[in-house]
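Chemist: here is a sequence with its predicted model. Questions after.
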Amino acid sequence: MKKAAFFMGKGGVGKTTISSTIAYQLSQEGAKVLIVSLDPAHNLGDVFGKKLSNEIKTLETNLDGMEVDLAVWVGLYLKQSKEEVRANYMYHNAINLDTFVNIIKYSPGTEEYAVLWAIEHVYKNYSAVYDLIIFDTPPTALTLRFLAMPSITSIWVKELSKMRELILKKRQTILSLNPEASILKNPNSPGSEASVQGATDKNDDQIYLKLSSITGRLSELQRIFSEESYLAVVVNPDTLSVAEALRIRQELNNLNVHINSVCLNKMAADSLRDNVEKSFEGFPVFTSQLLAEGVRTAADLGRIDIAGIKADIKTQNCGDLR
């Protein structure tokens, strides 16, 4: 059962409007929907005329919304990293942890992990509460990076786990030669047999257990993306947005994550649809024409024709949609 829907695409193609329209119309039909903005340049609240934050807020009947504050999630990620270093490594007293955290803050991948943990939090806590959770994603680059993180990081974690197993085997060898080896003693608990620093069995080693926990979380996120999510790419009838959508499809295919449909937004002529359908042969292409006067109130979302993609979301067995 697909309980989540992600709308992706180049910046400016209309992802927020399309995702908001689908969320609004489904909620008006009786489905309980949560719409979540992952885009650092939020404008979801503007569509509904309400100020949104990390806290869920009611937008309309059966429709709630929130805007993920990446700065908050980056802060939580860094705090967790700092606590883990302090808990698991003896040498943390020899380094300035604040400097270490500041380096991580601006390191590649930090923002992507923050997005991942935000998605995990929302899905884990609210997928049973709502019929469907709709994610309005950032422009292509950040979206591809956070969707790629579970599979890419899993490779690193797998190798780190192998290295940790070798370390534990070496410790076992040392212990067999010298049962009193000082490296196996916990300096904070004199006389204890094993510690975070001195475990010899992977089932007792906190670092190995943490790596296993990360592997489990990443595998679950990969499963959510590949099995429990409806993925739609929003394009405009122009060369650049179509080219970027094709790149999204190819990159996701490489990760064994596949898009479900293409939404051609702002279509002006049938010939343009033919071009998009040729580019995405084998994928359903749905169209949407925005209101000439634009979306000024939430009620305007009910006037936008997105019947095709809305019906496809239903037939894909998303949530308990009728």
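Modeler: It's in.
Chemist: okay, buried residues for stretch 160-173 please.
Modeler: Buried residues in stretch 160-173, counted by 16 or more other Cβ atoms under 10 Å: 161, 164, 168, 171. (Each C-beta comes from the backbone N, C-alpha and C, glycine too.)
Chemist: OK, contacts around the first one?
Modeler: Remark: with contacts taken as Cβ atoms under 8 Å, 6 or more residues apart in numbering, residue 161 is in contact with 208, 211, 212, 215.
Chemist: could you rerun that using 7 Å?
Modeler: Neighbour list for residue 161: 208, 211 [criterion: Cβ atoms under 7 Å, 6 or more residues apart in numbering].
Chemist: helix or strand for it, which one?
Modeler: helix 140-177 (DSSP states H and E).
Chemist: pLDDT and distance to residue 255 added to the buried residues of stretch 160-173, as CSV?
Modeler: CSV is the format used below for the buried residues of stretch 160-173 (pLDDT from 0 to 100; distance: Cβ to Cβ, whole Å):
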residue, pLDDT, distance to residue 255
161, 83, 21
164, 83, 26
168, 83, 31
171, 79, 36
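Chemist: adding distance to residue 38, write those residues out as a markdown table.
Modeler: A markdown table is the format used below for those (distance: Cβ to Cβ, whole Å):
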| residue | distance to residue 38 |
| --- | --- |
| 161 | 29 |
| 164 | 33 |
| 168 | 38 |
| 171 | 42 |
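Chemist: and the two most separated of those residues?
Modeler: Maximum pairwise distance in these, criterion Cβ to Cβ, is 15.5 Å, between 161 and 171.
Chemist: low-confidence regions, the stretch 101-250 of the chain specifically.
Modeler: Within the stretch 101-250 of the chain, the ranges that satisfy pLDDT under 70 run 101, 103-108, 180-198.
Chemist: how about the helices of it, start to end?
Modeler: 110-126, 140-177, 206-227, 239-254 (DSSP state H, counting those that start in this stretch).
Chemist: out of those helices, which is the most enclosed?
Modeler: Highest mean neighbour count among the helices of the stretch 101-250 of the chain (mean count of other Cβ atoms under 10 Å): helix 110-126, with a mean of 19.
Chemist: what helices and strands are in contact with that one?
Modeler: Judged by 3 or more Cβ pairs under 7 Å, 6 or more residues apart in numbering; DSSP states H and E, helix 110-126 is in contact with helix 70-88, strand 132-136, helix 140-177, helix 206-227.
Chemist: at 6 Å what do you get?
Modeler: helix 70-88, helix 140-177 (3 or more Cβ pairs under 6 Å, 6 or more residues apart in numbering; DSSP states H and E).
Chemist: how about the shortest one: buried residues?
Modeler: Counting neighbours by 16+ other Cβ under 10 Å, one finds that the buried residues in helix 70-88 are 70, 73, 74, 77, 78, 81, 82, 85.
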